[in-house]
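Participant: structure for this input, please:
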Amino acid sequence: MNYLFMSIFCLILIESFFYFNIYNYLKNLLFFFKKIVTVIGSKKISDFWKQKAMLLYSRKIFNYYLNFMLWLLCVVSVFVLFSSFVEGFLKLFLTVKGNIYLLMLSASYIFARNKLKKDG
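Facilitator: Predicted coordinates for the structure are as follows:
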C-alpha cells in the first residue's frame with residue numbers, strides 16, 4: 001500500500017514540475033545570476049548603469065525564486081500530508097529501496113510521457 005501512495009506522490013511531483021514549468025524558473029535564475037556576475041565584473045559599465053541593472057535583475061531573481069519556493073512549499077505540504085496519513089510512508093521514503101523505486105518510476109514515467117507527447 002505504501003508503494004501505491006509513493007507512486008501517487010511521485011506522479012504528483014513530476015506533473016506539477018512540468019505544469020508549473022519549474023525547469024524554466026531554475027534556468028532563468030541561473031541566467032540572471034550569470035548576468036549579475038557579468039555586469040559586476042565589467043569595467044565598461046558605469047556604476048549608475050550597474051545599479052539600474054542590479055535592481056532589474058534582483059527583481060527578476062526574486063520573482064523566479066518566489067515562484068520556485070511556492071512550488072517547493074506545495075510539494076513539502078503534499079509530502080507531509082502523505083506521511084501523516086499513510087503509516088510507514090516516511091520510513092519507505094527514507095530507505096534505499098524506496099529511493100531506487102522512486103528513481104525507476106520517475107525515469108520510466110518521464111520517458112513514457114515524452115514518448116506519448118511526441119507520438120500524440
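
Participant: and the gap between the residue nearest the centre of the chain and residue 63?
Facilitator: By C-alpha atoms, centre = their mean, the chain has its centre lying nearest to residue 22, at 4.9 Å. From residue 22 across to residue 63, the span is 14 Å (C-beta to C-beta, to the nearest Å). Any C-beta I mention is one placed from the backbone N, CA and C, and that applies to glycine too.

Participant: let me see the ranges of the helices in this structure.
Facilitator: 2-19, 22-41, 47-85, 89-93, 96-119 (DSSP state H).

Participant: got the buried residues for the last one?
Facilitator: Residues of helix 96-119 classed as buried by neighbour count (16 or more other C-beta atoms under 10 Å): 98, 101-102, 105-106.

Participant: export those residues to CSV and tack on distance to residue 87 and pLDDT?
Facilitator: Output for the buried residues of helix 96-119, formatted as CSV (distance: C-beta to C-beta, whole Å; pLDDT from 0 to 100):
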residue, distance to residue 87, pLDDT
98, 14, 94
101, 18, 96
102, 19, 95
105, 21, 96
106, 23, 96
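
Participant: so residue 7 sits against residue 105, correct?
Facilitator: Yes: using C-beta atoms under 8 Å, residue 7 is in contact with residue 105, at 6.0 Å.

Participant: gap between the residue nearest to residue 3 when sequence neighbours are not counted and residue 93?
Facilitator: Once flanking residues are discounted, residue 3 sits nearest to residue 101: 6.7 Å by C-beta to C-beta, 6 or more residues apart in numbering. To residue 93, residue 101 is 10 Å away according to C-beta to C-beta.
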